[in-house]
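Chemist: Return atomic coordinates for the entry below.
(one chain, ligands or ions: 2)
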Amino acid sequence: MPRVLSCIQPTGVVHLGNYLGALRTWVSGQHECDAFHGIVDLHALTVTDRPGVLGTSTLELAATLFAVGLDPDVATVFVQSHVPEHAQLGWVMECTVSYGELSRMTQFKDKSAKREADFISAGLFTYPALQAADILLYDADEVPVGEDQRQHIEITRDIAMRFNGRFGKTFVVPKIITPRAGAKVTDLQEPTAKMSKSAASDSGIVYLLDEPSAIIKKFKRAVTDSDGEVRFDRTEKPGISNLLEILAACTGRTPEQTAAGYTQYGPLKADAGEAVVDVLTPIQHRYRELMGDQAELSRLLRVGADKARSVASATLARTYSNIGLLSAE
Ligand code: ATP
Ligand code: LTN
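Modeler: Numbering: from 1, shown residues only. Ligands and ions are numbered 1, 2, ... in the order given. The predicted structure is shown next:
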């Protein structure tokens, strides 16, 4: 059974891009693999400095992960800061990646450019090293993520191969897995930009917990183009292609097959909005139920952290030993 690992940050509210690009694949894959999913609160520290908010958003995100269908009896769901090996291996990873490699990461370039007037932490720069630790600690064969994470998975592979070359076979070199449709959901108001938790405006972002009427409205107002032809073409027709991809992802078809059913933009927008409401409504009900018992959520996360630690501590011990650090025993 392949080992799968993927993580999500507790920054802001989960959106349709997170769901279609990542969470849905986590849920559908959990029975065919040994699945580990982390809520990476330490990663969120790279952009969060307000006291007291991360704990609440971590618990809400846990409820969201179980609401979308991760089964705590099947998948291991844990919080990154509950497993200290992440920070410990993160340092080893920082010493295995170069300044030049980190400088080429587009996520760092984009996020630091957006925060120009703000504090830019060193953690934002070294973020991919901690991400590599998240993945390599679990001997993950596969990492299901959205397309935006490709560069981070590639650098993880490079780090793993470099470390194995220096110190002997220690880490599994993981593969990226992206969904057929939904790997890059874009902002409904700015269809060339990725739908993102950290966007400046909310109007083009569909949140998992949005009311049905708000979702329908956001789709009705989606930015398209003026040539009037329904066709899947990401470059020439980013707005229409995004709607086609979302509708395809919700209905299990390809964007091209979906395009064949439409000649006008209005019905496409309406059907995409309704398909999303149909997918999200049961998730919203389960979310509310789960948030009604926060003690149980915390218990599930403790169980997840225990399982995660048993794997992570063995990998960290192997890493230290292969480097040849002096044993404390
Ligand atoms: P931010 O935009 O603030 O970096 P985010 O929305 O990307 O946050 P993350 O927690 O960083 O959220 O990502 C969780 C998962 O969701 C990752 O696997 C990521 O690839 C995926 N994802 C995020 N945005 C999209 C999107 N627009 N389309 C498809 N997948 C996405
Ligand atoms: N960098 C990712 C979140 C993330 C992740 C990981 C994803 C942190 N650690 C490990 C997969 C595997 C993001 O910004 N979406």
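
Chemist: who's in contact with residue 11?
Modeler: Applying Cβ atoms under 8 Å, 6 or more residues apart in numbering, we find residue 11 in contact with 44, 47-48, 57, 197-198. C-beta here means a position set from N, CA and C on the backbone, and glycine is covered the same way.

Chemist: Which strand or helix spans the residue in the chain that ligand 2 sits nearest to?
Modeler: Residue nearest to ligand 2 within the chain: residue 7 (3.6 Å; Cβ to the nearest ligand atom). When elements are assigned from DSSP states H and E, residue 7 belongs to strand 3-8.

Chemist: how far does that strand sit from the chain's center?
Modeler: 9 Å (Cα atoms, centre = their mean, to the nearest Å).

Chemist: Can that strand be said to contact ligand 1?
Modeler: Yes. Strand 3-8 reaches ligand 1 (Cβ under 6 Å from any ligand atom) through residue 8.

Chemist: what does that strand rub up against?
Modeler: Contacts for strand 3-8 (Cβ under 8 Å, 6+ apart): 14, 18, 22-23, 26, 29, 33-40, 43, 61, 65, 80, 131, 134-135, 138-145, 172, 174, 177.

Chemist: what's the nearest residue to residue 254 if we skip its chain neighbours?
Modeler: residue 248 (5.7 Å; Cβ to Cβ, 6 or more residues apart in numbering).

Chemist: Repeat that for residue 6.
Modeler: Distances taken as Cβ to Cβ, 6+ apart put residue 144 closest to residue 6, at 5.1 Å, once the chain neighbours are dropped.

Chemist: what is the mean pLDDT for stretch 57-65?
Modeler: In this model, stretch 57-65 has a mean pLDDT of 97.

Chemist: Now do the residue nearest to residue 187 when sequence neighbours are not counted, the pLDDT please.
Modeler: Leaving aside its sequence neighbours, residue 187 sits nearest to residue 204 (Cβ to Cβ, 6+ apart; 3.8 Å). What the model reports for residue 204 is a pLDDT of 97.

Chemist: Could you confirm residue 204 falls within a strand?
Modeler: No. Residue 204 is assigned coil when assessed by DSSP: H, G, I helix; E, B strand; the rest coil, not a strand.

Chemist: Next, count neighbours for it.
Modeler: 20 (other Cβ atoms under 10 Å).

Chemist: Residue 219 is in contact with that one, correct?
Modeler: No. Applying Cβ atoms under 8 Å as the test, residue 204 and residue 219 come out as separate, 10.3 Å apart.

Chemist: Mutual contacts of those two, please.
Modeler: If you check residue 204 and residue 219 against Cβ under 8 Å, 6+ apart, the residues they both contact are residue 188.

Chemist: What residues does the chain have near ligand 2?
Modeler: So the chain meets ligand 2 at 5-7, 9, 40, 43, 131, 134-135, 143, 145, 149, 152 (Cβ under 6 Å from any ligand atom).
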